[in-house]
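Participant: Turn this into a model:
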Amino acid sequence: MRSEDAELNSAHKLHLLSSAQHADKLLSDVESILSASRAKSPFRKYKGSLLPAQAKVVEDYIGRIRTQLVRVLESEGILVPEPAFESVHAMRVTLAFVRIAFQECTANRMLGYGAVPESRVLGLNGLVDEMVAAVEKLDSYLARGLAEDLEARLARLAESGSNVALIKTMERIIADHGFVEFRPALSIIIDRLETKHFEIAYFGRVSSGKSSLLNHIIDSEILPVGVNPITGVPTRLAYGERPRLTVWYADKSPELLDIIRLPEFVSEQHNPANYKHVTRILVELPAPRLRDGVVLVDTPGLGSLASAGAMETLAYLPRCDMGVVLIDAGSTLTEDDLVTIRTLYEAGIPASVLLSKSDLLADADRVRSSQYIAGQISTQLGLTLAVHPVSIQSAHLFLLQDWLREVILPLYDRHQQLARESLSRKIGSLREALAVALKVRLDHAQESSEGAIDRDAIDTGLRTAVGRIAKAREACLATTHDVRSQSGHALAEAATRLTDAWLQSAPDSSAAIVHDAIIQVAAERASEVVRTLKQLARQLTQSLHATVEGLGVADSHREDDLTSAIKEMPKLDLGPVEIEWKPGLFSKLSRNLAIRQAEKALQRKIGARVSDAFSNFGSVLDAWARRTLSELQLRFETPAESYRAHLDRISARGVISESEKSAIERDLALLGVDT
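Facilitator: Prediction:
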């Protein structure tokens, strides 16, 4: 027994703990040096001078030193502190700095080092955007918690009697060949296997009535409703014996909470941009229409300022088994609605289209509106879909009940079969994608005799295309900003036309001349945006075609002309113009004087309204251009990312070994693909 005066005091213990922590940090530095010397980084700082066996000895010694260090601290009654930070959070913070490092390399931000040659600006900016996009994908992966043990989950499913042989094969192929881009799709499939639910997801723009409609279907007011963006995270509604709310997070364990706390996690007011890092929400209710096996999903509104919520919806889309798309009867069909429907069908997911808030329309208008929307879907997407008017107002509730009876309720009796069919489509889609990736790799096995591909040319082409997207975005932003201040030019043009018409002969309608002149000025300025976008679409299409040809993949799908993503341009909403004007007696002696008088009269009578109209039109045109650019970028990046992945999998010499070739052929055979 040690006497009390032989004990270390608190200052001694603190110094001992601090020294131990510093020593442990230095040991970590030794481990980092050892790891860095064996890393594949192109910027390695250390040479690997140790043999593998010698490196193992170093690691063992470090482990022994740490074990002894802990024993010493424990003998003095010093507790080793628990880790202070979550690794995922620390990695995401570090990735934020990685993103900033790349963003500092654009041509504009490097002016301090000298002007960047004009011929290099597109490629340089494209490189930055390409690297930032890659960093954001990794950040998104970490945020969604996809770094899970898929192999262990598959093993549990196999033990439960599920037939997962093909899925286990695909998981092994993804791991062996480094196909990281396919892991999210595999995770979706495993989720479906584990839950065996049939998910019906509701999509629509902000305030389209999704939450209100779902509340009525489940006979509960659990989902918050309002005119502002409220749903920040997809919310699943499932049957449960008692009300219960479960919330999953990216950075901590799930929580079971009182169901009244749901608004804290799904509203932009309480969880803006999902700063609470919520990844999943499940609401369980004993609602008659929430039969076991069918799950309803309320998704974030599209087209809102809460862009994080819209991104959550786009990320969720491939996970559902059926999509219900709501179109507000008080508005009209938009590009967001069409993109949602098209994305559902491209993922092999059936859709039902609803004309929500149909009580706002008279019977005849309701029929015409439904027919118009169905016609637009057919014209622009090539899909034949019925449009069902619905309402939750008591006088029009029969519309909702008709849709439920005809479309939704029959699914309840077949939900297990439908869930199996949906899962089969998802598995088939992933199998085909893996087969294409393997075949592309195999196609280059004989490149040494046929001529190696030009890796630099393909890389530069894709990178330059990405740079063109950034350049087009800047050009569109400048044009839409300029449109807002075009009211003066429009009034001057209207005054000129009005004067000329009066000097030649008294026109039938001054108002019509003014209205048409102003509308034409707006259309001409807006057409600059369309020209920019169409030129970009053609360039992106050419880049994809050149990439396919450069890779030499005969059976690769050639992208359609991306100009199909550019839909009808918005028009200036001027409203009716009521104005009568004719030149004064002396004005007929001077055309210029008459024009000035006409312009002053127009400015006095309708100047403020025209100014407001152009300001609003600039905002609408800007939003349309941004959505169109996002659609173009999505259509370009989807195949481009696949091509980059294929390019990365080709060795520097463009040749694979015989053993690699045999492994690919074996895996293709396991996927049921002939080589």
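
Participant: For G607, give me its contacts.
Facilitator: Applying CB atoms under 8 Å, 6 or more residues apart in numbering to G607 gives the contacts S487, L491. From N, CA and C alone the C-beta is placed, and that goes for glycine too.

Participant: That one sits in which helix or strand?
Facilitator: In this assignment (DSSP states H and E), G607 forms part of helix 591-648.

Participant: Report the rounded mean pLDDT for that helix.
Facilitator: The predicted model assigns helix 591-648 a mean pLDDT of 82.

Participant: which residue ranges form the helices in the stretch 101-250 of the chain?
Facilitator: 118-143, 150-159, 165-177, 183-195, 210-217 (DSSP state H, counting those that start in this stretch).

Participant: what's the most buried one of the ones you listed?
Facilitator: Highest mean neighbour count of the helices of the stretch 101-250 of the chain: helix 210-217, a mean of 21 (counted as mean count of other CB atoms under 10 Å).

Participant: and it, what does it pack onto?
Facilitator: Other elements packing on helix 210-217 under the criterion 3 or more CB pairs under 8 Å, 6 or more residues apart in numbering; DSSP states H and E are strand 198-204, strand 294-298, strand 351-356, helix 397-403.

Participant: which neighbours does the third one have in its sheet, and in what orientation?
Facilitator: Spelled out, it's strand 351-356. Within its sheet, strand 351-356 is paired with strand 322-328 (parallel), strand 387-389 (parallel), according to DSSP bridges.

Participant: pLDDT of that strand, averaged?
Facilitator: Mean per-residue pLDDT for strand 351-356: 90.

Participant: got it, and stretch 174-191?
Facilitator: Taken as a whole, stretch 174-191 has a mean pLDDT of 75.

Participant: now do stretch 335-343
Facilitator: 79.

Participant: Any chance of the backbone angles for the nearest residue to A598 once chain neighbours are set aside?
Facilitator: In space, and not counting its chain neighbours, A598 is closest to A495: 3.8 Å by CB to CB, 6 or more residues apart in numbering. As for A495, its main-chain torsions (degrees, to the nearest 10) stand at phi -60, psi -40.

Participant: thought A495 was touching R591?
Facilitator: No. In this structure A495 lies outside contact range of R591 using CB atoms under 8 Å: 11.0 Å.

Participant: More neighbours: the two, which one.
Facilitator: Between A495 and R591, counted using other CB atoms under 10 Å, the more crowded position is A495 (24 against 14).

Participant: who's in contact with that one?
Facilitator: Contacts of A495 by CB under 8 Å, 6+ apart are I595, R596, A598, E599, A601, L602.

Participant: Make TSV out of those residues and add distance to D337 and neighbour count.
Facilitator: Output for the contacts of A495, formatted as TSV (distance: CB to CB, whole Å; neighbours: other CB atoms under 10 Å):
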residue	distance to D337	neighbour count
I595	44	20
R596	47	15
A598	42	26
E599	41	20
A601	42	20
L602	37	24
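
Participant: hang on, the earlier thing: for the strands paired with strand 351-356, could you give me a markdown table that also reports mean neighbour count and distance to R291?
Facilitator: Formatted as a markdown table, the strands paired with strand 351-356 follow (neighbours: other CB atoms under 10 Å; distance: least, CB to CB, whole Å):
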| stretch | mean neighbour count | distance to R291 |
| --- | --- | --- |
| strand 322-328 | 24 | 15 |
| strand 387-389 | 21 | 21 |
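
Participant: what's the distance between I579 and S331?
Facilitator: 30 Å (CB to CB, to the nearest Å).

Participant: Looking at these two, which is more packed in?
Facilitator: I579 (17 against 13).

Participant: Not counting its neighbours along the chain, what's nearest E241?
Facilitator: With CB to CB, 6+ apart as the criterion, E241 has its nearest non-adjacent residue at 6.0 Å, and that residue is P286.
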